[in-house]
Every structure is written in C-alpha cells, then in structure tokens.
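Chemist: Based on what follows, work out the 3D shape:
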Amino acid sequence: MTTVKIAILAPVPQYEEDWSHIRADYLRLFGEGTTFVDWTMANGLDAFDLVTPLLAWGYQRDCPRWFALLDRLEADNISVANPVRVLRWNSDKAYLAQLAEAGIATVPTRMSDALTPADLDAARVAFDTHILVIKPPISGGADGTYRISAGDAIPDRVAGQRMMIQPYQPSIASEGEYSLFYFDGIFGHSIIKRPAAADFRVQDQFGGYEEAMPAPNAARVLAEAALAATAEITRSGPLAYARVDMLRDNDGQFRLMELELIEPSLFLRFADDGGAAFARALTGLALGIGQTAGTMKRPMD
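Modeler: Sure, this is the predicted structure:
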C-alpha cells in the first residue's frame with residue numbers, strides 16, 4: 001500500500017476547543033504518513049505530498065498571518081486541498097454577495113465597514129425585523145457573533161468593526177441548521193445542528209448538538225448549485241471537501257448560510273462509510289490523481 005505524506009494544518013497549542021477526536025479520525029483514515037502542523041509555524045511544507053488546512057482553527061484571529069501563509073503556499077507551488085485561490089476566496093464571507101449575484105438563495109446580508117447603531121436601524125428597516133445577527137466577515141466558531149434585539153447596545157468587542165448584518169432566522173431554534181458534506185464533488189452525508197435552549201449558536205462550546213438527518217431534496221439542489229457557482233467564480237474543479245450550511249427562512253425556502261471550504265468539522269461519525277470517500281479524495285490528490293479541472297459532478301440519488 002502506498003503511504004502518502006499529508007500535512008494537516010492544526011490549531012495553535014493554546015487553542016481552547018478540543019480537536020483530539022478529529023485528530024484520531026484523520027490518523028485512522030490517513031495513517032502513519034499524517035503530520036499535524038501548527039498553522040502559525042508551517043515551514044517545510046514542500047516535503048509533503050499534500051497540505052490541507054482542515055484543522056487551521058483560529059485563523060480568523062490572525063488574518064495577516066493566515067493570508068501570508070496562503071501567499072507562501074501559492075508562491076512555493078505547494079499542493080493544497082482545497083486550492084489556495086478557493087481558500088482565499090472563502091476566508092471572507094463577502095463571497096456570499098457573489099453567490100447571491102449568481103442566483104444562489106442566501107441569507108440576506110448587509111455589510112458595514114464600521115458598525116454603528118445607525119447601521120442596525122437601517123438593517124431592521126430593510127429586513128423588516130427587530131432581531132438581527134451580526135458577525136465578522138472573517139470568522140469561525142461563532143467568534144464575534146451576536147444576536148441583537150432592538151434597544152440592545154452593540155458589544156464593545158465589535159463596535160466600529162467591519163461586520164455582517166443579517167435578519168435573525170427563527171428556524172435556527174425551531175428546526176436547526178443543515179450541513180451537507182461533499183467529497184470530490186459527490187454528496188457524502190448530512191446532519192442537522194441545533195442550538196441549546198435560548199441560544200442561537202449551534203457550536204458545541206455553546207451547548208449546541210448535532211444529529212444525523214437525511215438532506216431534503218431542496219437542500220441538495222441548493223448545495224449543489226452553490227458549489228457549481230463557486231467552481232465558476234473561483235475557476236476550480238470539484239473540491240476535495242466541502243460543507244454547505246443552510247436553514248429555512250420564514251417561507252420555508254432553504255437559504256445558504258455559508259460554505260465551509262477551509263477548516264470545517266466534517267462529522268465523519270455520521271457518514272455511512274466512516275469517511276472513506278473523504279479519505280479517497282485527499283489521498284487521490286496526494287497521489288496526483290484527484291481534483292482534476294472540469295465540470296462539477298452533480299449526481300442526485
């Protein structure tokens with residue numbers, strides 16, 4: 001059996017979220033050729049067959065270092081999954097506007113270069129709602145994400161910062177957030193993530209939890225349209241891995257929340273194949289036989 005050398009960019013040692021279970025998954029799937037590299041100290045990456053940022057959690061806390069790393073990977077012609085141009089594009093959620101322009105149903109979003117109360121007032125009028133969600137365009141793990149009702153003060157941490165403003169979607173609490181997973185452009189599995197009572201964030205550290213959930217056909221259609229539009233915008237082929245997060249709006253229509261193409265949790269324990277399709281996608285790339293340019297593969301079961 002051919003051993004491939006894969007470098008997985010990983011969190012800094014002091015990162016607070018537990019990733020040991022994911023590390024164990026990746027060691028199981030990729031074996032002894034797997035090396036975990038602190039993403040802030042990523043040197044000598046040309047020694048690996050493939051580099052992936054799948055565990056580069058916290059990159060949003062040091063954006064200059066993150067973008068400098070992407071520039072270096074590109075300049076050194078390192079084999080990276082997903083491609084550097086996709087990682088750079090996906091780093092800033094301003095990409096949602098491009099997808100909306102391409103006809104993808106997204107959660108309505110307004111951008112503020114320096115968030116003020118007037119921005120929130122204007123958004124409430126535009127969205128016809130009193131409850132908003134604000135988040136940094138470069139973010140992860142719900143860092144800097146808040147639900148703001150009329151009369152609430154902007155948290156000091158984000159006041160005057162570049163922020164996204166969206167209408168709060170009640171379905172996040174009543175139903176949950178769907179995540180659909182694709183490997184080499186092929187649908188793998190899906191889950192639903194739900195927040196703790198009285199919260200709106202679905203991440204584990206806030207009490208959120210996830211369950212297996214078959215993807216409704218409309219969710220598949222939206223996810224695959226979003227990935228096809230991404231391929232067109234970024235001039236990329238099928239991606240080795242992709243997570244597509246969405247929820248239903250007040251009219252029951254699925255709307256894209258975000259594409260996770262950098263460092264998503266893949267929840268492989270919910271995959272019927274235990275992650276085999278994901279492993280094939282990355283191993284094929286490491287061997288130089290995967291992720292070829294071409295049309296997005298879009299089968300529907």
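Chemist: can we go C-alpha only for contacts and neighbour counts from here?
Modeler: Will do.
Chemist: hey, where'd the helices end up in the stretch 101-250 of the chain?
Modeler: 117-127, 171-174, 217-234 (DSSP state H, counting those that start in this stretch).
Chemist: which stretch among those helices comes nearest residue 76?
Modeler: Closest to residue 76 of the helices of the stretch 101-250 of the chain, according to Cα to Cα: helix 217-234, at 19.9 Å.
Chemist: How many neighbouring residues does the closest residue to residue 133 other than its chain neighbours have?
Modeler: For residue 133, the nearest residue in space outside its immediate sequence neighbours is residue 147; the separation is 4.5 Å by Cα to Cα, 6 or more residues apart in numbering. By the criterion of other Cα atoms under 10 Å, residue 147 has 18 neighbours.
Chemist: and if you look at residue 114?
Modeler: By other Cα under 10 Å, 12 other residues sit near residue 114.
Chemist: Leaving out the residues flanking it, which one is nearest to residue 30?
Modeler: In space, residue 30 is closest to residue 279, 6.9 Å off (Cα to Cα, 6+ apart).
Chemist: what secondary structure does the one you found sit in?
Modeler: helix (DSSP: H, G, I helix; E, B strand; the rest coil).
Chemist: just to revisit the earlier point, pLDDT at the residue nearest to residue 133, what is it?
Modeler: On pLDDT, residue 147 comes in at 94.
Chemist: if I pick it, what's in contact with it?
Modeler: 131-134, 168, 200 (Cα atoms under 8 Å, 6 or more residues apart in numbering).
Chemist: Looking at these, which is nearest residue 174?
Modeler: Distances from residue 174 to those, taken by Cα to Cα, are shortest for residue 200, at 10.1 Å.
Chemist: now the residue nearest to residue 133: how far from residue 199?
Modeler: Here residue 147 is placed at a distance of 9 Å from residue 199 (Cα to Cα, to the nearest Å).
Chemist: about what we covered before: of all the helices of the stretch 101-250 of the chain, which lies closest to residue 4?
Modeler: Per Cα to Cα, nearest to residue 4 of those: helix 217-234, 26.8 Å.
Chemist: Spatially nearest residue to residue 145 (excluding sequence neighbours)?
Modeler: Spatial nearest neighbour of residue 145, chain neighbours left out: residue 135 (4.3 Å); criterion: Cα to Cα, 6+ apart.
Chemist: didn't that neighbour look like it was pressed against residue 148?
Modeler: No. Residue 135 lies out of contact with residue 148 (Cα atoms under 8 Å); the separation is 10.7 Å.
Chemist: neighbour count winner among these two?
Modeler: Remark: of residue 135 and residue 148, residue 135 carries more neighbours, 22 against 19, as counted by other Cα under 10 Å.
Chemist: show me what contacts that one?
Modeler: By Cα under 8 Å, 6+ apart, the contact set of residue 135 is 142-146, 163-165.
Chemist: Pairing partners for it in the sheet, please.
Modeler: For residue 135, the beta-bridge partners under DSSP bridges are residue 164.
Chemist: what about it, distance to residue 119?
Modeler: From residue 135 to residue 119 the distance is 13 Å (Cα to Cα).
Chemist: One more: residue 54?
Modeler: 34 Å.
Chemist: tell me which element residue 25 is part of?
Modeler: Element membership of residue 25, judged by DSSP states H and E, is helix 20-30.
Chemist: Outside of whatever helix or strand comes next after that helix itself, which residues are in contact with it?
Modeler: Beyond helix 20-30 on the C-terminal side, the first helix or strand identified by DSSP H and E is strand 34-38. Contacts to strand 34-38, defined as Cα under 8 Å, 6+ apart, come from residues 4-13, 26-27, 56.
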